[in-house]
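Novice: Can you look at this prediction? I've put the sequence above it.
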Amino acid sequence: MSLDKATVRSIAELARIEVPEEALDHLAGELSNILTFVEQLAAVDTEGVQPMTSVTAMTLPLRADDVTAGGHADKVLANAPEAMEGFFTVPKVVE
């Protein structure tokens, strides 16, 4: 896919990037090369290939989902500037 200066200028405006006029030709060539490479990747047959999360075969360690801490609301609220009935009290910010 080949991009022209007008398209690159439009992309730069959408991305809110200031690109000098003299750099548009070079940038158009670079972006065209990138799009050509992506088109080549799209042509690869990946039917039956499982998606990978890593290039090395590994499994993530699992742990039991047990509650090991908590039940200390009074200690947590001791640091609060203001608390009421077991909850943090904050100033109203929306009228």
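Specialist: Perfect, thanks for sending it.
Novice: so Lys5 sits right up against Gly29, yeah?
Specialist: No - counting by Cβ atoms under 8 Å, Lys5 stays clear of Gly29, with 10.5 Å between them. For the C-beta atoms, the positions are set from N, CA and C on the backbone; glycine is no exception.
Novice: quick one, what contacts Ala73?
Specialist: For Ala73, the contact set (Cβ atoms under 8 Å, 6 or more residues apart in numbering) comprises Gly86.
Novice: Can you give me the distance of the closest residue to Gly86 other than its chain neighbours to Met84?
Specialist: Sequence neighbours aside, Ala73 is the residue nearest to Gly86 in space, at 5.6 Å (criterion: Cβ to Cβ, 6 or more residues apart in numbering). Using Cβ to Cβ, to the nearest Å, Ala73 is found at 12 Å from Met84.
Novice: Mind listing what's buried along the helix or strand of the chain with the lowest mean pLDDT?
Specialist: In the chain, the helix or strand scored least confidently by mean pLDDT, DSSP states H and E is helix 73-77, which has a mean of 86. For helix 73-77, burial by neighbour count (16 or more other Cβ atoms under 10 Å) applies to Leu77.
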